[in-house]
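Trainee: Build me a model from this:
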Amino acid sequence: MNRDKKVVITGLGHFHPPNLIENSFFSQLDIGSDSQWVAERTGINSRCSVLSPEDLLSLRRREKSLRCLREEGRVMTIAQMGKSAWKCLEQRDAEGLHQLEALSCGTSVPDFDIPANACTIAAEIGAQCFAFDVNSACSSFVVNLHIAKSMIQSGSLKKMALFIPERYSLRLDYTDKSSCVLFGDGCAAATLQLDGSSGFELIDTIVTSSPEKHNLVQIPTDGYFYQNGKAVQKFAITKTIAITHEILEKNQLSIGDIDYFVGHQANLRMLSSAAKKLGFSDSQHLFNVDTYGNQGGAGAPSVLSMNWDQFKSGDLIVVSVVGSGLTWASALLRKL
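Mentor: As a prediction, the model looks like this:
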């Protein structure tokens with residue numbers, strides 16, 4: 001074991017597909033939502049999708065099926081999203097590809113049951129390494145960090161990459177205004193290794209779940225996304241606050257020691273409530289949900305990636321996420 005040595009996130013990358021879906025789009029769906037309705041209830045102004053607005057409308061009107069759109073090549077694949085996020089990451093970790101010994105992928109809307117979607121990403125970026133999937137819905141980033149940290153500290157490998165590609169827009173019911181307005185698509189990627197002089201030290205991770213509540217947030221096979229909104233909102237705020245305090249107490253820190261907070265990008269109203277109750281100021285609370293919507297597991301790491309150049313040496317960042325399962329997890333980072 002190498003538990004006395006630090007595990008470092010040497011690179012982060014993000015990607016959001018080019019199809020911008022503004023709130024005004026939902027006025028065309030005839031579901032009782034408009035720009036003001038969406039913004040007031042969620043704090044979300046826009047989001048990106050792997051599908052064009054025209055294709056989303058065709059799904060809403062049942063003019064085309066998702067299978068048809070896939071056959072026409074109109075759906076960006078997991079591998080394509082991963083490659084785009086990797087291009088961003090390579091600007092921060094140029095040597096990452098040649099050193100990789102493992103690659104994991106966590107996604108809520110996979111392209112394949114088999115093979116592992118991680119294998120398709122590895123093939124796309126030209127990585128020759130062991131590849132496997134680890135999905136924990138919106139908690140996937142921290143869960144993958146937790147596993148990567150353990151594998152690296154165990155001595156079983158020296159360098160690993162993880163990818164979190166999310167395409168909720170493919171599995172939304174566009175007649176349900178309570179859910180279809182929330183989500184956007186995106187992908188995040190990270191490289192981790194033992195020691196390193198730049199990036200983020202991964203100080204600690206905590207992961208946990210409450211499996212008896214697995215029915216509160218689901219995407220059934222061949223079905224649409226569903227959640228018990230009221231119950232999930234309360235859970236998300238409560239667990240975000242609880243696990244943030246837990247990881248700080250475990251590492252003998254307080255809220256006053258933390259420079260930045262990043263939460264699960266579910267909606268800005270929920271996020272702001274949790275950040276305020278924790279005691280973080282507006283300048284300490286980093287988010288992108290207002291522009292990119294709820295990107296599932298890709299949300300929190302994309303916030304970190306988009307603010308990569310903002311962090312200063314010594315900054316402490318706490319990342320707390322929640323997801324289907326129900327799951328919740330937290331990571332403590334220090335900028336090197």
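Trainee: where are the low-confidence patches of the protein?
Mentor: When residues are selected by pLDDT under 70, those of the chain lie in 1-4.
Trainee: by contact count, what packs against the helix or strand hosting H98?
Mentor: Here H98 sits within helix 96-99, counting by DSSP states H and E. With contacts taken as 3 or more CB pairs under 8 Å, 6 or more residues apart in numbering; DSSP states H and E, helix 96-99 sits against strand 159-166. To be clear about C-beta, it is placed using only N, CA and C from the backbone, and glycine gets the same treatment.
Trainee: Can you tell me which helices and strands the strand it packs on packs against?
Mentor: Counting by 3+ CB pairs under 8 Å, 6+ apart, strand 159-166 packs on helix 78-89, helix 96-99, strand 102-105, helix 117-125, helix 140-154, strand 186-194.
Trainee: Just the buried residues of the helix holding H98, please?
Mentor: G96, L97 (16 or more other CB atoms under 10 Å).
Trainee: thinking again about what came up before, would you list the helices and strands packed on strand 159-166 in JSON lines and tack on distance to S58?
Mentor: Formatted as JSON lines, the helices and strands packed on strand 159-166 follow (distance: least, CB to CB, whole Å):
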{"stretch": "helix 78-89", "distance to S58": "21"}
{"stretch": "helix 96-99", "distance to S58": "38"}
{"stretch": "strand 102-105", "distance to S58": "29"}
{"stretch": "helix 117-125", "distance to S58": "25"}
{"stretch": "helix 140-154", "distance to S58": "29"}
{"stretch": "strand 186-194", "distance to S58": "22"}
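Trainee: who wins for proximity to T238 among these?
Mentor: Smallest distance to T238 across these (CB to CB): 17.3 Å, for helix 140-154.
Trainee: Show me what the closest one is packed against.
Mentor: With contacts defined as 3+ CB pairs under 8 Å, 6+ apart, the packing partners of helix 140-154 are strand 7-15, strand 102-105, strand 159-166, strand 186-194, strand 200-209, helix 299-306, strand 316-323, strand 327-335.
Trainee: Dump the ones you listed to CSV, plus mean neighbour count and distance to L89.
Mentor: Shown next, in CSV, are the helices and strands packed on helix 140-154 (neighbours: other CB atoms under 10 Å; distance: least, CB to CB, whole Å):
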stretch, mean neighbour count, distance to L89
strand 7-15, 25, 3
strand 102-105, 26, 12
strand 159-166, 30, 8
strand 186-194, 29, 5
strand 200-209, 19, 13
helix 299-306, 26, 8
strand 316-323, 26, 17
strand 327-335, 25, 16
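Trainee: so can I have TSV of those showing distance to V75?
Mentor: Formatted as TSV, these follow (distance: least, CB to CB, whole Å):
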stretch	distance to V75
strand 7-15	15
strand 102-105	17
strand 159-166	12
strand 186-194	14
strand 200-209	30
helix 299-306	20
strand 316-323	23
strand 327-335	27
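Trainee: Out of these, flag the one nearest C48.
Mentor: That would be strand 186-194 among those, by CB to CB, at 6.7 Å.
Trainee: State the distance from the nearest residue to Y226 once chain neighbours are set aside to A137.
Mentor: The spatial neighbour of Y226 that comes closest, neighbours along the chain excluded (CB to CB, 6 or more residues apart in numbering), is Q218 at 5.3 Å. Q218 is 10 Å from A137, where distance means CB to CB, to the nearest Å.
Trainee: Could you do T107 as well?
Mentor: 9 Å.
Trainee: Overlap of the contact sets of the two?
Mentor: Shared contacts of T107 and A137, defined by CB atoms under 8 Å, 6 or more residues apart in numbering, are found at G297.
Trainee: Neighbour count for the two, which is higher?
Mentor: Neighbours per residue (other CB atoms under 10 Å) separate T107 from A137, with T107 holding more: 26 against 23.
Trainee: Just confirm the more buried one contacts I164, I think it does.
Mentor: Yes: at 7.0 Å, T107 counts as touching I164 under the criterion of CB atoms under 8 Å.
Trainee: State the distance from H214 to W328.
Mentor: Between H214 and W328 the computed distance is 14 Å (CB to CB).
Trainee: now R41
Mentor: 23 Å.
Trainee: which residue sits closest to V321, ignoring its sequence neighbours?
Mentor: H264 (4.1 Å).
Trainee: make that Y168, sorry
Mentor: Nearest in space to Y168, with sequence neighbours left out and distances taken as CB to CB, 6+ apart, is F183 at 3.9 Å.
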